[in-house]
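Asks: 3D, please:
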Amino acid sequence: MLKKPHFSIILVESALERIDFLSNRKFLRKIQADRHKALEKTILDVSIHNHLMQNLSEKNKRGRPDIIQTALLLALGSRLNKEGYLRVYVHTRNNEIISLDPQVRIPRNYNRFIGLMEQLFEIKNIASESHQILLSIKPQTLEDFIQSIKPTLTILFSESGSVWKRTQLQQTFLDHSHIAILVGGFPHGDFSSKNLAVADLNISIYPQALDTLVALSYIVSTAEQSLRIDE
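Replies: Predicted structure coming up:
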């Protein structure tokens, strides 16, 4: 009988955060006036807040919530998720974990997505009309979170890893009952050494850097093929 692995996809060091710095007070006051909300409740977006980010550490890894939106739409809309094999999480660069119910509907409109994330950061839990928790966020390191979900294998995908063929990956997916899959949720740079150390395997699917969405699409389709969902 074909095994039915359970997959946990975690977007790691995701470029999703609220503005928590005050380097340009004049510009910050303008943002707050334009949006009619406290600045600290605003999600950082490099396309809007580039002038605020010039002196930020690791600025090339930050302010890209659009990466998270598209990745969540792909993962939650996949056959892997619809067939009940997948759980999706977001680990932020500030060591927060966002948990998503498999049936949650992520807004396709970017502004609505940003509004949802700002609401989540503010109230911590978003529930359905039937009081089912659809999204939640809490402070937690990646290492502690991995320990809490107890995968039988943790795989990190990065350009610095050993190059694997699809057939190798498919067999590994079949050989384990619960695999945590770590994919970068940032546009440039590399994982921190602490988060690299969390993984049992560091794998590359291409000798050059790939966009998060490209890597995630490959991983999801490989998992679906290993389970023969596409047949």
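Asks: For the rest of this, base every contact and every neighbour count on C-alpha atoms.
Replies: OK.
Asks: Check the gap between H131 and V214 for me.
Replies: To V214, H131 is 35 Å away according to Cα to Cα, to the nearest Å.
Asks: swap that for I181, please
Replies: Going from I181 to V214 by Cα to Cα gives 15 Å.
Asks: Give me the more crowded residue out of these two.
Replies: I181 (22 against 10; other Cα atoms under 10 Å).
Asks: Mind checking the pLDDT average for the helix or strand encompassing that one?
Replies: Element membership of I181, judged by DSSP states H and E, is strand 178-184. Mean pLDDT, computed over strand 178-184, is 98.
Asks: can you pull the pLDDT of M53?
Replies: So M53 comes in at 83 (pLDDT).
Asks: The one 5 residues further on too?
Replies: The predicted structure scores E58 at 91 on the pLDDT scale.
Asks: Check the burial of it by counting its neighbours.
Replies: Neighbour count of E58, defined by other Cα under 10 Å: 11.
Asks: One more: L174?
Replies: 18.
Asks: Begin at 13, not 1, for the rest of this chat.
Replies: Got it, first residue is 13 now, which makes that one L186.
Asks: thought it was touching S238?
Replies: Yes. With contact defined as Cα atoms under 8 Å, L186 counts as touching S238 (6.6 Å).
Asks: From G96, how far off is S59?
Replies: Distance from S59 to G96, by Cα to Cα: 36 Å.
Asks: and what of D156?
Replies: Applying Cα to Cα, the value for D156 to G96 is 24 Å.
Asks: One more: S204?
Replies: Applying Cα to Cα, the value for S204 to G96 is 31 Å.
Asks: Could you do Q182 as well?
Replies: In this view, Q182 and G96 are 18 Å apart by Cα to Cα.
Asks: Share the number of residues neighbouring the nearest residue to F125 once chain neighbours are set aside, please.
Replies: Nearest residue to F125 in three dimensions, chain neighbours excluded: P119, at 5.2 Å (Cα to Cα, 6 or more residues apart in numbering). Neighbour count of P119, defined by other Cα under 10 Å: 16.
Asks: so what pLDDT did P119 get?
Replies: As predicted, P119 sits at a pLDDT of 98.
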